[in-house]
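Trainee: here is my input; please provide its structure:
(one chain, ligands or ions: 1)
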Amino acid sequence: MDKLVVKGGARLTGRVKVSGSKNSALPILAASLLTPEKCVIHNVPDLSDIRFMLEILRQLGAEVTFDHGTVTTRAEKVISEVPYDLVRKMRASICVLGPIVARNGHATISEPGGCSIGDRPIDIHLRGLAELGAASHSEGGNVHIPKAELIGKEIFLGGKFGSTVLGTDNVMMAATAAKGHTIIESAACEPEVKDLADFLIKMGAKITGHGTRRLEIDGVSGLGGCEHTVIPDRIEAGTFLVAALITQGDVFLAGADPDHLVNVLDRMKSCGANIKANGDGIQVSASRKLASIDLVTETYPGFPTDMQAQLCALMSVTPGISAITEKIFPSRFMHVSELRRMGAQIELEGATAILHGVDHLSGAPVMASDLRASAALVLAGLVAKGTTEVNRVYHIDRGYEHIDEKLRKLGAEIERVR
Ligand code: EPU
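Mentor: Sure, this is the predicted structure:
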C-alpha cells in the first residue's frame, strides 16, 4: 500500500492549479445515464472515485471514454440493477438511482450503509422519490423500486441535519422526467448541486431556482446529449489554502472560484490570513502566526464539513483555544486521535473539538481514515518537526488529484513510497 512521507518545515510558495470538482463530476457523470445521446464532460479530475464511477456507468451499459480530463458517455440502454459490490466501494454511487428511475421506471440498488465519517442513511432520497411516485421497499440489503410513474409534486426534502446534497441530486434528476411540475423545498444549494442543474438544463431539463433552497422543475419527455465543463473543486482549493497558511507561505490558487468559498475565505481572513481574489484565482498568504477562531460546520453557504479536518490541523498549531463544532456528520472526528499522536492538544466534547494551539507538532507514523482526515494529516505533516508517514493513502487518492506532486511543486518535501 502506498504511503506519503512528509518532512515538515518547508514554506509553500508559488502557484497551484485547482482541479475539477469531484463532488460535481460524480453526479454529473451519473446524470449522463438520463439520455441515450452522447455527453461530453470536461475538467473531470483523474481520481479513483471518478474511475470507479466510470466503471459503474460501463457496468450499467454505457460506453465511456476518459482522456485528458474529458469524459465521453453514451448510454443507449441502462440496466436497472446496481449490485452491492459497486455501492459498497463508493457511497456516492447512490446518485445513479435518480437517473435509473427516470430512465427505466424501476430500479434495484444495494443500500450503501455507513462509512468512517458516520451514519449515512438514504431515507430522504427514498422519501423524495416516493413522493414523485417511485415508492420503494427494502429486502436483503437492497432497495427495490418496482414500478414508477413519476408525477410532479411539492416535496419537502429537509432532514434533521438540514438539506441533503446527493438526495437533492437524485430527486431533481428523477423530477426531470416526471409529468408536470415539481417543487423541492429545503433543497441543497451547494455549488455542486447548481453545477448538476446547469448540466441538466443543457440536456434540455426545465429547472429554475438552482443554487437556492427552492427548486422548480417542469418534467420533459426526454433529455438529449450536451457538453459541459465541471466547476473547480472548492474543497481542494480550501485544502491548499490551509497548506499555505499552516506553512506561513504565499500561494496562488489558480482557477479557484472565490464565490464558492465565501465562508472559508471570510473565516480565514478573520484569523489573520491575507487573501486577495481576482478573476483567475485566489492569492493567499500568512506573514505571521494566525489567531485562533471558533467554527461551526453547516450546509452551504455555511462552513463546509469537508474542510473541518483541515481546520483542525491548522488550529492545532495556532496560538489560543478554538472550538470546532461539526453539525453535518457529528462523529466525523477520526483525524483527532491521529493529530494527538503528533502532539496536538484536542479534547472532544460531543460534536465539538476543543483545540489548544501548541508550539509545534512532531512527525509520526499516522493512519488515514477517510479522505478529508488524510488531507488533515498531510497538512499537519507539512508543519511538524521531523518526518510524518501518512499510511492508507488510497483515501487521499479518492479526492485529491496528484496531491503529492502539487505540494512538491510548491516546495513541500513529500514523497510517495510504494
Ligand atoms: N442524511 C440523512 N438522510 C439522507 C441523506 C442524508 O439523514 O437520506 C444526513 C447525513 O447523514 C448527513 C446530512 O444529512 O448527516 C448531510 O448529508 P448529505 O446527504 O448532504 O451528504 P452526501 O450527499 O451523501 C455530499 C458529499 C460529501 C459531503 C456532504 C455534505 C458527494 C459525493 N459527497 O455527501 O463529501 O461531506 O455532501 O456536504 O457529493 C467528501 O467529499 O469528502 C464528502 C464526504
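
Trainee: around the ligand, which positions in the stretch 251-400 of the chain sit nearby?
Mentor: Residues of the stretch 251-400 of the chain lying close to the ligand by C-beta under 6 Å from any ligand atom are 305, 306, 328, 329, 371, 372, 399. For every residue, glycine as well, the C-beta is placed using N, CA and C.

Trainee: now for the residues you listed, which pair is the farthest apart?
Mentor: Based on C-beta to C-beta, the longest span within these runs between 328 and 399 and measures 16.5 Å.

Trainee: looking at those two, which one has more neighbours?
Mentor: residue 399 (26 against 22; other C-beta atoms under 10 Å).

Trainee: helix/strand/coil for that one?
Mentor: Classification of residue 399 by DSSP: H, G, I helix; E, B strand; the rest coil places it in coil.

Trainee: am I right that it is in contact with residue 22?
Mentor: Yes: using C-beta atoms under 8 Å, residue 399 is in contact with residue 22, at 5.1 Å.

Trainee: the helices in the stretch 251-400 of the chain, which residues?
Mentor: Under the criterion DSSP state H, counting those that start in this stretch, the stretch 251-400 of the chain contains helices at 262-270, 308-316, 334-341, 371-383, 394-397.

Trainee: residues from the stretch 51-200 of the chain in reach of the ligand?
Mentor: By the rule C-beta under 6 Å from any ligand atom, the part of the stretch 51-200 of the chain lying against the ligand is 92, 117, 119-125, 159, 161, 164-167, 192.

Trainee: show me which of those are buried.
Mentor: 92, 117, 122, 124, 125, 164, 165, 166, 167, 192 (16 or more other C-beta atoms under 10 Å).

Trainee: dump those into CSV; add pLDDT and secondary structure as well.
Mentor: CSV is the format used below for these (pLDDT from 0 to 100; DSSP: H, G, I helix; E, B strand; the rest coil):
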residue, pLDDT, secondary structure
92, 93, helix
117, 85, coil
122, 95, coil
124, 97, helix
125, 98, helix
164, 98, coil
165, 98, helix
166, 98, helix
167, 98, helix
192, 98, helix
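
Trainee: just the mean pLDDT for stretch 94-112, thanks.
Mentor: Across stretch 94-112, pLDDT averages out at 95.

Trainee: any idea how far it is from the chain center?
Mentor: Counting by C-alpha atoms, centre = their mean, to the nearest Å, stretch 94-112 is centred 21 Å from the centre of its parent chain.

Trainee: for it, buried residues please.
Mentor: In stretch 94-112, counting by 16+ other C-beta under 10 Å, buried: 94-103, 105, 107-112.

Trainee: give me the subset of these lying in strands.
Mentor: Among these, the ones falling in strands (DSSP state E) are 107, 108, 109, 110.

Trainee: I figured the third one hits residue 95, correct?
Mentor: So the one you mean is residue 109. No: between residue 109 and residue 95 there is no contact under C-beta under 8 Å: 10.4 Å.
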